[in-house]
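Engineer: Quick one: sequence plus predicted model below, questions after.
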Amino acid sequence: MAGGDELELLGTWASPHVLRVRLALHLKDLSYEYVEEQDLKNYKSDELLLNSKLPVLIHDGKPVYGTSL
């Protein structure tokens, strides 16, 4: 990505909301890292401890939660 922008998407495979965000990122030809959160009781990411809504898109270290995407 230009300018060093980094995108990371936190989600689960079963979520239609996560699928919609993944599709949008693909259509816009944006590269991103996908982190699968399989265990919804023990999150891997600190962002999900604050707000447990999926998906979470992290853009340059700043999280965007849930339906804000």
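Structural biologist: Thanks, I have it. Numbers count the residues shown, from 1 in each chain.

Engineer: What is the burial count for the closest residue to residue 5 other than its chain neighbours?
Structural biologist: Take residue 5 and drop its neighbours on the chain: the residue closest to it by C-beta to C-beta, 6 or more residues apart in numbering is residue 60, 6.1 Å away. Bear in mind the C-beta positions are built from the backbone N, C-alpha and C, glycine included. The local packing count at residue 60 equals 11, with neighbours defined by other C-beta atoms under 10 Å.

Engineer: what's the answer for residue 12, then?
Structural biologist: For residue 12, the number of neighbouring residues by other C-beta under 10 Å comes to 16.

Engineer: What distance do you get for it to residue 54?
Structural biologist: In this structure, residue 12 and residue 54 are separated by 6 Å, where distance is defined by C-beta to C-beta, to the nearest Å.

Engineer: again, but for residue 14
Structural biologist: 10 Å.

Engineer: Give me the more crowded residue out of the two.
Structural biologist: More neighbours surround residue 54 than the other of residue 14 and residue 54, with 20 against 10 (other C-beta under 10 Å).

Engineer: Quick check, that one in contact with residue 9.
Structural biologist: No. The pair residue 54 and residue 9 does not pass the contact test of C-beta atoms under 8 Å, sitting 9.5 Å apart.
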